[in-house]
Structure formats: C-alpha cells, structure tokens
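S.K.: Requesting a structural model of the entry that follows:
(one chain, ligands or ions: 1)
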Amino acid sequence: MIEAVISGTGLYRPPHRISNEELVQSFNAYVERFNAEHAEAIAAGSVAALTPSSVEFIEKASGIKNRYVMDKDGVLDPARMYPRIAARPDDQWSVMAEMAGEAARAACREAGIEPSQIDAVYCASANMQRPYPAMACEIQALLGAKGFGYDMNVACSSATFGIEQAVNAVRCGTARCALVVSPEITSAHLEWRDRDCHFIFGDTCTAVLVQAATDVPACQGFAVLGTQLATQYSNNIRNNFGFMNRCEDSNWQERDKTFRQEGRKVFKEVVPMAAAHIEAHLQQLGIEPSGVRRYWLHQANLGMNQLVIKKLVGAEAGSEVAPIILDEWANTASAGSIIAFHEHSADFARGELGVICSFGAGYSIGSVVLRKR
Ligand code: COA
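M.R.: Okay, here's the model as predicted:
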C-alpha cells in the first residue's frame with residue numbers, strides 16, 4: 001500500500017470580521033425593533049417578546065469572541081440579518097470556488113507543488129452553493145487540476161471524511177495528489193435572528209493536500225497513520241433547507257430552513273462519543289493518548305474541548321496540547337479542526353504524533369492520526 005502524507009495546508013480569511021460587541025449591538029437593535037413593531041400583539045399575548053443577547057453570555061457559554069464573514073453589512077443590518085452575497089452569471093467563478101482556489105493555492109505553495117499536479121479534488125463542506133455541477137468540478141477547472149472531483153457533505157465532519165477519501169485514493173493509487181477543500185459560508189445557513197445560536201458560526205475555507213509519500217521530500221509534512229469515521233443518526237442539529245422545499249410549498253424564510261440545534265443535548269452527547277472515538281482509534285494503532293503531542297479538535301465550544309481533552313489526557317483546552325482557534329474564528333463547521341492544525345503544527349519535531357478530530361451534525365466524528373516526518 002502506498003503511504004499517504006499531508007504535504008501542505010492552506011487557509012482563506014474572509015474580508016470582514018465581527019466582534020461579539022458589534023454582533024450583540026445589532027441583534028439587540030433587531031430585538032427592540034421587533035418588539036416595537038409587535039407591541040400590540042405582545043401585549044395581547046399572541047406574540048412572544050424577544051429577549052436581548054449578551055456578550056458575557058456568548059463568551060462564557062461558547063468561548064467565541066469574534067468571527068469572519070463574507071459580508072458584514074447584511075448580517076449587522078437589523079432590517080435584514082443575513083449576508084448580502086450577489087448572484088453571479090454562470091460564466092463567472094462562483095464565490096465558493098474562489099475561496100477554495102485561494103486556500104488551495106496556499107496549500108500548494110506550502111507543499112511546493114503546482115495546482116496542475118493535483119489529480120483529485122474533494123469539495124467537502126457543510127453546505128454547497130448549488131446541487132450541480134459539483135463545486136469540485138468547478139474548483140478543478142479554476143485550479144487547472146487534472147483527474148476528477150466530487151462534492152461531499154457530512155456537516156462539521158466533512159473535512160475529515162474528505163481526508164479519508166483522499167488518503168484512500170492515494171493509498172490505492174487512484175490519485176497521487178489529492179486536494180480536500182472546505183469552503184464554509186456558514187453565515188448563509190445561520191439564523192442570525194435566533195438568540196440561542198446567532199453567535200455560533202463564522203466563514204472560512206481550508207485546503208489540505210494529500211500526496212503519495214514518494215512524491216514528498218523526506219522531512220516534509222505528516223504521514224497519515226490512520227483515519228477513522230463514525231456516524232450515529234441524531235436530529236439535534238438539523239436544517240431542512242433543500243431542493244424539495246418547492247414541492248412542499250414551504251417558504252425558505254421558515255425557521256426550519258436554517259441551522260437549528262439542541263445545543264445542550266449536543267454538548268452532553270457528543271463529548272463522550274468524541275473522547276471514546278479518539279481513544280479507540282489510538283488503541284487500534286497501539287498509541288497511548290498521552291503519547292500524542294497535540295489534538296487539533298473540532299472548534300464549536302471551548303467547554304466541549306475542555307471536557308474531551310480532560311477525558312483523554314487531563315490537559316487544558318487552549319494549552320499547547322489542544323489549541324483553540326474558535327475565539328477568533330467561531331465555529332467554522334468542518335474547517336475548524338483543520339484551521340487548528342494549519343495554525344498549530346509548524347513546531348512539530350520528526351516522529352511526534354498528532355490527532356485531527358471533528359465532531360458535529362449527523363452525528364458524525366472523524367479522526368486522522370498523524371506522525372511528523
Ligand atoms: N444571550 C444571553 N442569554 C442567552 C443567550 C444569549 N445569546 N442564549 C441563551 N441564553 C440564555 C438562555 O435563555 C438560558 O436562560 P435560562 O437559564 O434563564 O433559561 C441560558 O442562557 C442557558 O441557555 P442554554 O441554551 O442552555 O445555553 P448553553 O449553556 O447550553 O450554551 C451553546 C449554548 C449553544 C453555546 C452550547 O449549548 C453549545 O455550544 N453546545 C454545543 C453545540 C455544538 O457543538 N454544536 C455543533 C454545531 S455544528
């Protein structure tokens with residue numbers, strides 16, 4: 001079997017950033033406006049008054065302080081509360097493809113290869129801009145890549161599941177240089193008017209190159225020791241937006257057509273699943289959790305990562321064992337654990353071990369065990 005290596009990663013940073021202070025100010029302006037407009041109905045008891053949000057709650061409950069978005073004005077406009085992203089003609093590159101192109105080129109520079117050497121493209125993301133043609137085919141054309149491309153959606157685990165596809169393709173010889181890109185425009189699926197979740201997400205795109213070891217210089221990159229995926233059906237994170245909405249005569253503005261979750265249940269159920277998953281995967285490879293230098297965990301909630309890492313090795317999340325990037329980036333769906341890897345792996349010495357692990361809707365969990373070359 002051919003050994004697979006992560007030879008480079010890339011990160012796209014969207015043009016706008018929103019602090020918790022700005023976000024809460026606009027949310028509370030929306031609440032005031034809503035309550036004034038519905039004053040009579042609220043007094044009559046037929047409409048519930050909305051309650052303001054708070055910066056203190058957001059930071060304490062999630063650890064998030066900031067997020068990047070593709071469009072700030074639309075999100076912060078109390079009369080709109082979602083991004084404004086112009087439709088493009090069919091003969092122009094789409095927004096997601098452009099984000100992916102930027103992240104992929106950065107990964108190629110890090111790996112020291114040309115985009116034309118890529119021979120498989122996996123666009124692995126929680127949301128696709130359209131059903132077809134596959135985003136991956138457009139990204140392949142934008143990069144001038146060869147081979148084939150297809151799209152994958154496993155919500156917040158899309159990137160790790162995509163890495164497994166890329167690793168298997170390289171191991172089997174169906175590709176020599178596979179690209180996994182995860183353009184996450186989460187601002188477009190988030191309900192910015194819902195106090196329970198309006199602070200959660202941010203936009204980004206990550207890129208991961210997986211190459212045959214023989215094509216990568218001896219001391220470059222991380223050897224993939226193993227990947228392990230698991231899913232278990234749950235409705236606790238759900239979005240009913242889809243191509244059947246027209247047939248259902250339903251309205252895209254209804255609450256169930258954007259992100260919804262039972263955050264508390266997700267927290268309680270996913271933490272033990274993720275810790276047990278990582279432990280079992282490491283055991284299969286004959287590795288003790290304490291023998292791993294770093295865990296690049298999914299970035300949804302600081303408290304969740306605290307518990308996962310405590311269970312595994314007794315370390316603190318936010319330490320060098322389990323770096324946190326969600327304070328700056330918020331939850332970037334499948335890109336979060338990849339951003340953590342991208343930003344916190346340059347200091348690894350030869351032979352040191354690390355684990356990328358995502359967890360999210362599905363439920364879905366994906367782990368990738370790596371050894372620095
Ligand atoms: N501002 C102020 N108060 C708020 C608030 C806001 N924006 N949102 C909720 N609250 C209040 C609630 O009304 C509730 O008040 P009560 O106790 O008087 O009823 C209280 O804060 C606690 O609400 P709860 O929803 O139980 O908060 P929580 O501690 O569970 O934190 C999350 C919410 C979403 C941060 C947390 O559950 C979480 O991150 N879960 C994991 C989510 C996850 O990983 N999802 C995957 C997504 S891909």
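S.K.: quick one, what contacts whatever residue of the stretch 251-373 of the chain ends up closest to the ligand?
M.R.: With C-beta to the nearest ligand atom, the shortest gap between the stretch 251-373 of the chain and the ligand falls at Gly263, namely 2.7 Å. (Each C-beta comes from the backbone N, C-alpha and C, glycine too.) Applying C-beta atoms under 8 Å, 6 or more residues apart in numbering, one finds that Gly263 lies in contact with 196-197.
S.K.: so after the longest helix that the chain contains, what's the next helix or strand?
M.R.: What stands out as the longest helix in the chain, according to DSSP state H, is helix 263-284. Next helix or strand after helix 263-284 toward the C-terminus (DSSP states H and E): strand 294-297.
S.K.: neighbouring contacts of whatever helix or strand comes next after that following strand?
M.R.: Remark: after strand 294-297, the chain's next helix or strand is helix 302-313, criterion DSSP H and E. If you take C-beta under 8 Å, 6+ apart as the criterion, helix 302-313 is touched by 61-63, 267, 270-272, 274-275, 278-279, 289-290, 292, 295, 297-299, 315-318, 321-322, 324, 326-327.
S.K.: so how far is helix 302-313 from its chain's centroid?
M.R.: 19 Å (C-alpha atoms, centre = their mean, to the nearest Å).
S.K.: Then stretch 139-148?
M.R.: Between the centre of stretch 139-148 and the centre of its host chain there is 22 Å, according to C-alpha atoms, centre = their mean.
S.K.: tell me the mean pLDDT over it?
M.R.: The average pLDDT within stretch 139-148 is 98.
S.K.: Ends of that stretch, what's the gap?
M.R.: Start-to-end span of stretch 139-148 (C-alpha to C-alpha, to the nearest Å) is 11 Å.
S.K.: list the buried ones in that stretch?
M.R.: Neighbour-count burial for stretch 139-148, with 16 or more other C-beta atoms under 10 Å as criterion, is recorded at 139-140, 142-143, 145-148.
S.K.: Sort out for me which of the residues you listed are in strands.
M.R.: Using DSSP state E, the members of those that fall in strands are Phe148.
S.K.: any chance of the buried residues of stretch 139-148 in JSON lines, plus distance to Ala333?
M.R.: Output for those, formatted as JSON lines (distance: C-beta to C-beta, whole Å):
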{"residue": "Ile139", "distance to Ala333": "17"}
{"residue": "Gln140", "distance to Ala333": "22"}
{"residue": "Leu142", "distance to Ala333": "21"}
{"residue": "Leu143", "distance to Ala333": "22"}
{"residue": "Ala145", "distance to Ala333": "24"}
{"residue": "Lys146", "distance to Ala333": "28"}
{"residue": "Gly147", "distance to Ala333": "26"}
{"residue": "Phe148", "distance to Ala333": "24"}
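S.K.: one step back: measure the residue of the stretch 251-373 of the chain closest to the ligand to Gly226 for me?
M.R.: Remark: distance between Gly263 and Gly226 (C-beta to C-beta, to the nearest Å) = 31 Å.
S.K.: Leaving out the residues flanking it, which one is nearest to Cys137?
M.R.: Spatial nearest neighbour of Cys137, excluding adjacent residues (C-beta to C-beta, 6 or more residues apart in numbering): Gly149 at 5.2 Å.
S.K.: wait, what's in contact with the one you found?
M.R.: By C-beta under 8 Å, 6+ apart, the contact set of Gly149 is 120-123, 134, 136-137, 139-140.
S.K.: from the residues you listed, which single one is nearest the ligand?
M.R.: The closest of these, once distances to the ligand are taken by C-beta to the nearest ligand atom, is Cys123, at 18.6 Å.
S.K.: part of a strand, is that closest one?
M.R.: Yes - counting by DSSP: H, G, I helix; E, B strand; the rest coil, one finds Cys123 located in a strand.
S.K.: what's the burial count for it?
M.R.: 29 (other C-beta atoms under 10 Å).
S.K.: again, but for the one 3 residues further on
M.R.: Number of residues near Ala126 (other C-beta under 10 Å) recorded here: 26.
S.K.: check contacts around it.
M.R.: If you count contacts by C-beta under 8 Å, 6+ apart, Ala126 has them with 153, 155-156, 158, 184, 186, 189, 333-334, 360-361.
S.K.: same check, this time on Ser125
M.R.: So Ser125 contacts 96, 135, 151-153, 158, 181-184, 333-334 (C-beta under 8 Å, 6+ apart).
S.K.: coming back round to it: tell me the spacing between the residue of the stretch 251-373 of the chain closest to the ligand and Gly303.
M.R.: Distance of Gly263 to Gly303, given as C-beta to C-beta: 11 Å.
S.K.: The stretch 151-300 of the chain: helices as residue ranges?
M.R.: 158-172, 263-284 (DSSP state H, counting those that start in this stretch).
S.K.: chain center to the shortest one, what's the gap?
M.R.: Going back to what we said before, that points to helix 158-172. With C-alpha atoms, centre = their mean as the basis, helix 158-172 stands 16 Å off its chain's centre.
S.K.: Check which residues of it are buried.
M.R.: 158-171.
S.K.: same thing with stretch 9-25?
M.R.: Quick answer for stretch 9-25 (16+ other C-beta under 10 Å): 9-12, 14, 16, 18, 20, 23-24.
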